[in-house]
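**Q** For reference, the sequence and a predicted model appear below.
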Amino acid sequence: MTTYNIAIDGPAGAGKSTIARKAAEKLGFIYVDTGAMYRAMALYLLRKGIDRNDEKAIEAACREMEISLQYCDNVQQVLLNGENVSGLIRTEEVSSMTSSISVYGPVRRKLLELQRELARTRNVIMDGRDIGTCVLPDAQTKIYLTASSHVRALRRFKELEEKGQMCNLEEIEQDIIERDYRDMHRDIAPLKQAADALVIDSSQMTIGQVVEAILEAAGKRGLEDKG
Ligand code: DC
């Protein structure tokens with residue numbers, strides 16, 4: 001069976017997950033949020049009190065944890081050693097730990113095969129940092145979704161405000177800039193645009209416009225022919 005794969009990469013806060021989820025719904029594909037997998041690993045390390053700089057301990061911990069995905073009504077749930085941790089992985093503490101530990105080879109290798117297996121067996125829209133460049137180099141459609149750090153910080157600020165959480169816009173933007181730097185400058189699988197990716201800057205676009213642009217890109221590359 002040949003599957004159709006759409007890879008979406010880009011920096012934190014560019015809108016990848018919202019957009020990928022909507023596009024997946026329209027296409028009847030499954031949405032694979034790879035960041036959630038890295039986040040579940042970070043949660044495990046935080047719970048164990050393992051230092052983010054202790055590469056040896058992180059490598060050993062990788063052997064103890066099992067990450068898997070389940071879909072409930074087409075919504076991805078991430079399981080850590082069988083426990084559904086989807087509701088526990090979106091804190092700032094987990095975000096920062098995830099960005100730090102995703103530089104390590106054993107962490108990345110642990111998830112690579114699982115991600116490829118999903119794409120081999122299902123039509124997927126998969127988002128992350130290295131999907132078009134490393135995980136699915138043969139994806140039929142590749143998107144690099146970005147937005148200015150200021151716009152991304154503002155989006156995050158509004159999100160937190162709506163949840164009633166106190167936050168500081170400058171601090172959020174600074175944190176985003178630091179995460180971008182770490183994600184783009186690590187040795188293994190850094191965030192970068194695949195040579196054959198379509199670049200979409202969502203700074204001045206609505207969610208609907210970005211979804212349309214992705215569907216159009218996928219359509220142009222023969223999606224309709226595959227039924
Ligand atoms: O997409 P996200 O914000 O949930 O990702 C959290 C962190 O995980 C991000 O800072 C970098 C890392 N990540 C990665 O290294 N590779 C991926 N494919 C997805 C996420």
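**A** Here it is on my side, so go on.

**Q** Stretch 115-134: which residues count as buried?
**A** Of all the residues in stretch 115-134, those buried under the rule 16 or more other Cβ atoms under 10 Å are 115, 118-119, 122-134. Glycine gets a C-beta too; all of them are placed from N, C-alpha and C.

**Q** In helices, which of the residues you listed appear?
**A** Q115, L118, A119 (DSSP state H).

**Q** same for the ligand: which of the buried residues of stretch 115-134 are within range?
**A** By Cβ under 6 Å from any ligand atom, the members of these lying near the ligand are G128, R129, D130.

**Q** before we move on, back to that, the ligand: which of the buried residues of stretch 115-134 is nearest?
**A** Nearest to the ligand among the buried residues of stretch 115-134: G128, at 2.4 Å, using Cβ to the nearest ligand atom.

**Q** Run through the bridge partners of that closest one.
**A** G128 has these beta-bridge partners by DSSP bridges: D9.

**Q** what kind of secondary structure is the closest residue to M126 other than its chain neighbours in?
**A** Using Cβ to Cβ, 6 or more residues apart in numbering and skipping residues adjacent in sequence, the residue nearest M126 is V32, 4.2 Å away. For V32, the assignment made with DSSP: H, G, I helix; E, B strand; the rest coil gives strand.

**Q** is it true that V32 touches L118?
**A** Yes: taking contacts as Cβ atoms under 8 Å, V32 lies within contact range of L118: 5.6 Å.

**Q** which residues touch the closest residue in space to G28 that isn't next to it in sequence?
**A** Spatial nearest neighbour of G28, chain neighbours left out: N123 (7.4 Å); criterion: Cβ to Cβ, 6+ apart. Taking Cβ atoms under 8 Å, 6 or more residues apart in numbering, we find N123 in contact with T3, Y4, N5, L27, G28, F29, I30.

**Q** what about 7 Å?
**A** If you count contacts by Cβ atoms under 7 Å, 6 or more residues apart in numbering, N123 has them with T3, Y4, F29.

**Q** name the element the first one belongs to?
**A** Remark: T3 resides in no helix or strand, with elements defined by DSSP states H and E.

**Q** how close does it sit to the ligand?
**A** Going from T3 to the ligand by Cβ to the nearest ligand atom, to the nearest Å gives 19 Å.

**Q** What pLDDT is listed against that residue?
**A** Predicted confidence (pLDDT) for T3: 95.

**Q** Could you do D225 as well?
**A** Reported pLDDT for D225: 53.

**Q** coming back round to it: intersection of neighbour lists for V32 and L118?
**A** V124.

**Q** re the thing from before, if I look at the residue nearest to M126, how far off is M65?
**A** Going from V32 to M65 by Cβ to Cβ, to the nearest Å gives 19 Å.

**Q** between these two, who's got more neighbours?
**A** V32 (26 against 15; other Cβ atoms under 10 Å).

**Q** residues contacting the more buried one?
**A** Neighbours of V32 in contact, by Cβ under 7 Å, 6+ apart: Q76, Q115, L118, V124, M126.
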